[in-house]
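S.K.: build me a model:
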Amino acid sequence: MSCGCKTSGDSAHSCGPKKTANGCENVNTCGNSYKLSVFDWLSDINNPAPNRCDFVEVRFKNDRKSFYKNVNNIPLHIGSVITVESSPGHDVGVVSLTGELVKIQMKKKKFSEELALKIYRQANQKDLEVWQEARKKEDAVKLEARKIAQRIGLEMKVTDVEYQGDSSKITFYYTAENRVDFRQLIKDYAGAFRTKIDMKQIGFRQEAAKVGGIGSCGRELCCSTWLTDFRSVNTNVARYQQLSINPQKLAGQCGKLKCCLNYELDSYLDALSNFPSSSTTLDTEKGKAFCIKIDVFKKKMWFAYVDSSIAWYDFDIDLVKKLISKNKRGEKTLPLEDLKQPEASAQNIDLIQENSVDRFEKKNRSNNRNRNNQNKPNNHQQGQQGQPQGQKRNRPERQDRPERSEKPENPNAQSGNQPRPQKQHPQQKAPAEKVEGNSGDDKKPQNNPNKKKFKKKYPPKKDNNA
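M.R.: Numbers count the residues shown, from 1 in each chain. Take a look at the predicted model:
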């Protein structure tokens, strides 16, 4: 991968502390990149000296590249800053590709070897200083050029300005919908900037590539990062993909249809090759029906009657092909509502094995009740902090008396009958009961564990008269 350090002149990143005319020292490990970067996958292969390629690929500002011949056999590598031949004077660029891959690129772009200019030398310190000073003036020159064009009244927009390496020529890139008369404009530019003027018209897609930006997908524009060939995009591409013809959604920042509409076009065309034509009409017993919608992924087609197009009926493409072949034989098909088969309801499978949505609420309700019951006596005690200590002990007993069952007048009568179960507070202790030694009901099972402990400690006396 080639380097994108500040020596290249078109990147704000620096890959290392040393920036010389030889380029970046960490060419193979540098993480910075720029548009149209090239990976030399033949860099580890040493070709024989007689078959060595003498041409190199040199890049300039943004997306401009050209091929030059290394006449003096200068040792060059990717990232080297060199001085090349130009008209007039010389230009300064960065080597982007060397070796056998240059021949492949030249053949791909149909570049003639006879038209290739030659390389003078590696850029020295003076060449770099003049080149960097010229690049710093480009923003101010662009603003001034726009003011001059607006004063003359030309319907054009100056998109970018590029200085030549020796500051002997300025190239103005502009966009315009109609033809522009430059006779007066070039005179004003030459008088204002005192150098040779060159005008180049570019398209709106090339303008977006030079300016850059963020697309609706949230990523950097494809044309400003990696896209080099701008293919034509028309509205048929959106129709094949069943997209609504909305210019605001389909248009990019350049005002044209988005280039990414062409990315999935081949897949849609392959899928639509199995579909019947969208202009298909079915002759049914109830009347004619026409296709109103196509779903490429579900492989379905929606039909509606010509008389009443409110109700839509979807069918698989296999069934539609059978109906079309039946119409070709001169037979009418059944009505659409009879052909429509009821869809089997998909059974939901609970992977968590928990069908109850409010399963946590039920547990919380029981816990909340216990918490409320536990907080009642505590809240009462907090309100009685100002009273004497004797009243604090008597107050809870008075509140608990109505909840208990009424005691009989005779205490001995309770020992013969089983007490009724009572709801007791969690914090409330069960009242202690006396054990009668003469009662014969002690052998009955009792539910109170305290009584059992009491019996073990003090066993009852035996009655001799029993």
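S.K.: okay, Y458: pLDDT?
M.R.: Looking at Y458, its pLDDT is 55.
S.K.: now do S33
M.R.: pLDDT recorded at S33 is 42.
S.K.: in the stretch 1-150 of the chain, which spans are strands?
M.R.: 55-59, 65-69, 81-85, 90-97, 117-122 (DSSP state E, counting those that start in this stretch).
S.K.: save these as CSV, and put in mean neighbour count and distance to G191 too.
M.R.: (Glycine included, C-beta is placed from N, CA and C.) Formatted as CSV, those follow (neighbours: other Cβ atoms under 10 Å; distance: least, Cβ to Cβ, whole Å):
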stretch, mean neighbour count, distance to G191
strand 55-59, 23, 32
strand 65-69, 19, 30
strand 81-85, 22, 29
strand 90-97, 24, 24
strand 117-122, 17, 30
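S.K.: these: which one's closest to S244?
M.R.: strand 65-69 (39.0 Å; Cβ to Cβ).
S.K.: each with direction, which strands does the closest one pair with?
M.R.: For strand 65-69, the paired strands and their directions (DSSP bridges) read strand 55-59 (antiparallel), strand 117-122 (parallel).
S.K.: what does it contact?
M.R.: Applying Cβ atoms under 8 Å, 6 or more residues apart in numbering, the contact partners of strand 65-69 are 36, 54-60, 82, 84-85, 93, 96, 102, 105-106, 111, 113, 116-119.
S.K.: send me it as CSV with only the CA atoms.
M.R.: Taking C-alpha atoms only, strand 65-69 is exported to CSV below (Å, rounded to 0.1, in the frame of the first residue of the first chain):
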residue,chain,number,x,y,z
LYS,A,65,-2.7,10.0,-12.7
SER,A,66,-0.3,9.5,-15.6
PHE,A,67,2.5,7.1,-16.8
TYR,A,68,6.1,8.3,-17.1
LYS,A,69,9.2,6.6,-18.4
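S.K.: how big is the angle separating it from strand 81-85?
M.R.: Counting by axes from the mean of the first three to the mean of the last three Cα atoms, to 10 degrees, strand 65-69 lies at 80 degrees to strand 81-85.
S.K.: ok, back up a step: tabulate the strands paired with strand 65-69 (JSON lines), appending distance to L227.
M.R.: As requested, the strands paired with strand 65-69 are exported to JSON lines (distance: least, Cβ to Cβ, whole Å):
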{"stretch": "strand 55-59", "distance to L227": "16"}
{"stretch": "strand 117-122", "distance to L227": "27"}
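S.K.: just so I know, which of those strands lies nearest E129?
M.R.: Here strand 117-122 is closest among the strands paired with strand 65-69 (Cβ to Cβ), at 14.8 Å.
S.K.: what's the angle between the closest one and strand 90-97?
M.R.: Per the same axes, to 10 degrees, the angle that strand 117-122 makes with strand 90-97 is 90 degrees.
S.K.: run through who's touching strand 117-122.
M.R.: 21-22, 56, 66, 68-72, 74, 76, 80-86, 90.
S.K.: what's the mean pLDDT across it?
M.R.: The model assigns strand 117-122 a mean pLDDT of 93.
S.K.: could I have it exported to PDB, CA atoms only?
M.R.: Provided in PDB are the C-alpha atoms of strand 117-122 (Å, rounded to 0.1, in the frame of the first residue of the first chain):
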ATOM      1  CA  LEU A 117       6.800  11.700 -20.800                       C
ATOM      2  CA  LYS A 118      10.100  11.200 -19.000                       C
ATOM      3  CA  ILE A 119      11.200  11.600 -15.400                       C
ATOM      4  CA  TYR A 120      13.800  14.200 -14.700                       C
ATOM      5  CA  ARG A 121      15.000  13.400 -11.100                       C
ATOM      6  CA  GLN A 122      13.900  12.900  -7.600                       C
END
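S.K.: quick one: low-confidence ranges for the stretch 1-150 of the chain?
M.R.: 1-37, 47-51, 62 (pLDDT under 70).
S.K.: now do the helices in it.
M.R.: Here the stretch 1-150 of the chain has its helices, by DSSP state H, counting those that start in this stretch, at 101-108, 125-136, 138-152.
S.K.: quick one: closest of the ones you listed to K300.
M.R.: helix 101-108 (43.0 Å).
S.K.: what angle do that closest one and strand 65-69 make?
M.R.: 120 degrees.
S.K.: buried sites along helix 101-108?
M.R.: If you call a residue buried by 16 or more other Cβ atoms under 10 Å, then helix 101-108 has these buried ones: 101-102, 105-106.
S.K.: same check, this time on stretch 155-165
M.R.: Neighbour-count burial for stretch 155-165 [16+ other Cβ under 10 Å]: 156, 158-165.
S.K.: CA atoms only for that stretch, dumped as CSV, please.
M.R.: In CSV, the C-alpha atoms belonging to stretch 155-165 read as follows (Å, rounded to 0.1, in the frame of the first residue of the first chain):
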residue,chain,number,x,y,z
GLU,A,155,-23.4,30.2,-15.3
MET,A,156,-20.6,28.0,-14.0
LYS,A,157,-19.1,26.9,-10.8
VAL,A,158,-15.4,26.6,-10.1
THR,A,159,-15.0,23.4,-8.2
ASP,A,160,-11.3,23.0,-7.7
VAL,A,161,-8.0,24.6,-8.6
GLU,A,162,-4.7,22.8,-9.2
TYR,A,163,-1.2,24.5,-9.4
GLN,A,164,1.5,22.9,-11.4
GLY,A,165,4.6,21.9,-9.4
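S.K.: which residues touch it?
M.R.: 60-62, 64, 83, 86, 89-93, 127, 130-131, 134-135, 137-138, 141-142, 145-146, 149, 169-178, 180, 202, 207, 210-211.
S.K.: ChimeraX command to pick out the buried ones of the residues you listed?
M.R.: Selection of buried members from these for ChimeraX, criterion 16+ other Cβ under 10 Å:
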select :60,61,62,83,86,90,91,92,93,127,130,131,134,135,141,142,145,146,149,169,170,171,172,173,174,175,207,210
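S.K.: care to break this protein down by domain?
M.R.: Split into domains by automatic domain parsing, the chain comes to 6-123, 137-202, 214-272, 281-339.
S.K.: quick revisit: in TSV: the strands of the stretch 1-150 of the chain, plus distance to K196.
M.R.: Shown next, in TSV, are the strands of the stretch 1-150 of the chain (distance: least, Cβ to Cβ, whole Å):
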stretch	distance to K196
strand 55-59	21
strand 65-69	19
strand 81-85	16
strand 90-97	13
strand 117-122	18
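S.K.: out of those strands, which is closest to L257?
M.R.: Nearest to L257, of all the strands of the stretch 1-150 of the chain, is strand 65-69, at 26.7 Å by Cβ to Cβ.
S.K.: before we move on, the earlier item: for K288, find the nearest of the helices of the stretch 1-150 of the chain.
M.R.: If we rank these by Cβ to Cβ, the stretch that ends up nearest is helix 101-108, at 53.4 Å.
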